[in-house]
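Chemist: I'd like to go over a predicted model; first the sequence, then the structure.
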Amino acid sequence: MAAETLWSNKVRSGLTMLGVIIGISSVIAITSIGQGVQKSTELQIQALGTNILQVSAASARTGGISQGAGSASTLTWEDAQAIAKQVPAATAVAAFLQRQNIQVVRGNINIATTAIGADLNLPVVRNLHTQLGAFFRQEDLDTAKPVVVLGSKVRNDLFAPSENPLGADIRIRGNRYTVIGIMESKGSIGGQDADDIIYIPLTNMSAEIVGNNSLTGTAINGFLLQSSNADQLEAAQFQVTNVLRLRHNIRPPKEDDFRVTNQVDLIKAFTDITSSLTLMVGAIAGISLVVGGIGIANIMLVSVMERTREIGLRKAVGATSGAILNQFLMESIVISSIGGSIGIGLGIAIAFATATIFKFPFVVSLLSVVVGFVLSLIVGVLAGGIPARNAAKLDPILALHGD
């Protein structure tokens with residue numbers, strides 16, 4: 001009977017469901033998108049290695065404004081080499097020197113990209129592989145040879161698909177370099193395009209691109225330390241901190257002139273932040289569920305007023321107050337249940353479309369679907385409770401005389 005009544009008022013029933021549909025779909029979509037973004041970032045960080053420590057130089061300050069970790073000249077290649085020898089938990093240490101917006105020219109093609117001065121351990125620590133040619137050798141590093149390995153995007157920007165880039169000359173900041181390798185495509189990592197990068201021997205980068213800027217050795221932006229497993233990172237972090245403090249003559253209360261970042265801690269911190277943001281935005285979306293519930297209550301109250309004579313007639317032929325209560329309550333539950341089911345489907349569709357467009361994992365937890373459906377039932381019961389109770393309490397004689 002409840003279904004027949006709702007079907008006979010299809011437009012009104014559909015509009016009543018709209019609030020629940022919007023509320024449930026918003027909660028499902030936002031929860032799914034949040035989990036997808038979180039999973040994507042976790043995968044990107046894990047791709048860098050969960051057994052990696054990153055040690056960055058201190059932040060330079062210009063006009064009282066921090067320029068970011070690694071911008072000061074407080075770490076040297078010699079520091080990284082000392083860490084490799086003195087830290088038992090380290091299996092490999094890779095020093096790097098990085099600069100952004102470096103001009104690269106080939107013929108009439110002029111682009112800006114990120115240049116990284118690296119030693120031989122960087123491919124090992126970062127799990128980098130060449131798809132063409134090879135990475136530079138110890139001889140190239142020792143002699144500061146002007147050779148370069150291109151990221152796949154840089155290769156595509158500078159060379160036609162049919163061209164062989166190996167052995168070709170390009171100009172970096174006006175200096176001539178020979179291309180010796182092309183890296184495999186890595187995609188975006190941590191918000192940075194890992195293919196829009198060129199790799200140069202650290203010694204050449206320091207001398208030709210940056211200019212030697214440390215009195216105690218070859219200045220670097222930082223180094224990456226790889227341990228045998230993630231369980232060794234805490235010990236490695238302690239050991240690295242102590243070695244660098246001794247080398248830099250840092251004693252309390254003097255602050256460290258370097259920063260150590262643990263990849264595992266980074267994943268945990270980002271997960272906590274993303275979960276909090278998803279919960280907050282999901283709660284905001286849940287407000288529309290309240291609006292949907294108010295809409296159902298309003299329509300059900302109007303329905304009771306419109307069907308006063310019908311209620312009186314039912315009671316006159318023997319319908320109990322409980323039967324009247326159940327019918328109106330069932331109508332409210334049916335509206336919210338159908339609206340909730342449509343909302344769940346719509347929310348999943350929105351989440352899938354968003355994940356496809358922005359290329360992050362599509363994640364829908366069973367818990368969010370169950371919670372969404374249960375919420376729609378609760379909304380139906382709460383919104384229909386008072387109108388159903390009012391209908392059940394109507395006096396049959398007064399109801400029959402009602403307009």
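Modeler: Received the coordinates, thanks. Numbering: from 1, shown residues only.
Chemist: Quick check: the gap between the nearest residue in space to residue 322 that is not next to it in sequence and residue 95.
Modeler: The spatially closest residue to residue 322, leaving aside those adjacent along the chain, is residue 392, at 7.1 Å (CB to CB, 6 or more residues apart in numbering). To be clear about C-beta, it is placed using only N, CA and C from the backbone, and glycine gets the same treatment. Between residue 392 and residue 95 the distance, using CB to CB, to the nearest Å, works out to 79 Å.
Chemist: higher neighbour count, the two?
Modeler: For the pair residue 392 and residue 95, the greater number of neighbours falls to residue 95 (26 against 21), based on other CB atoms under 10 Å.
Chemist: Now do the SS call for the more buried one.
Modeler: Put simply, residue 95 is strand when judged by DSSP: H, G, I helix; E, B strand; the rest coil.
Chemist: Would you confirm that it contacts residue 80?
Modeler: Yes: contact criterion CB atoms under 8 Å: residue 95 and residue 80 qualify, at 4.0 Å.
Chemist: shared neighbours, the two?
Modeler: Shared contacts of residue 95 and residue 80 (CB atoms under 8 Å, 6 or more residues apart in numbering): 119, 220, 223.
Chemist: Identify the bridge partners of the last one.
Modeler: Taking DSSP bridges, one obtains residue 55, residue 95 as the residues bridged to residue 223.
Chemist: Tell me who's in contact with it.
Modeler: Residues near residue 223 by CB under 8 Å, 6+ apart: 54-55, 75, 79-80, 83, 93-96.
Chemist: residues making contact with the host helix or strand of residue 246?
Modeler: Taking DSSP states H and E as the criterion, residue 246 maps to helix 233-247. With contacts defined as CB under 8 Å, 6+ apart, helix 233-247 is touched by 51, 53, 55, 75, 79, 82-83, 86-90, 225, 227, 250-251, 256, 258, 260, 262-264.
Chemist: So what are the sheet partners of the helix or strand just after it and their directions?
Modeler: Where DSSP H and E defines the elements, the next helix or strand beyond helix 233-247 is strand 258-262. In the sheet, strand 258-262 lines up against strand 52-57 (antiparallel) (DSSP bridges).
Chemist: Tell me what angle whichever strand or helix holds residue 82 forms with strand 258-262.
Modeler: Assigned by DSSP H and E, residue 82 falls within helix 77-86. Here the directions of helix 77-86 and strand 258-262 differ by 50 degrees (axes from the mean of the first three to the mean of the last three CA atoms, to 10 degrees).
Chemist: tilt between helix 77-86 and helix 233-247?
Modeler: Using the same axes, to 10 degrees: helix 77-86 against helix 233-247 is 130 degrees.
Chemist: before we move on, what SS does residue 198 have?
Modeler: For residue 198, the assignment made with three-state DSSP gives strand.
Chemist: Revised request: answer the last question for residue 117.
Modeler: strand.
Chemist: what sits opposite it in the beta ladder?
Modeler: Under the criterion used here (DSSP bridges), residue 117 is bridged to residue 97, residue 200.
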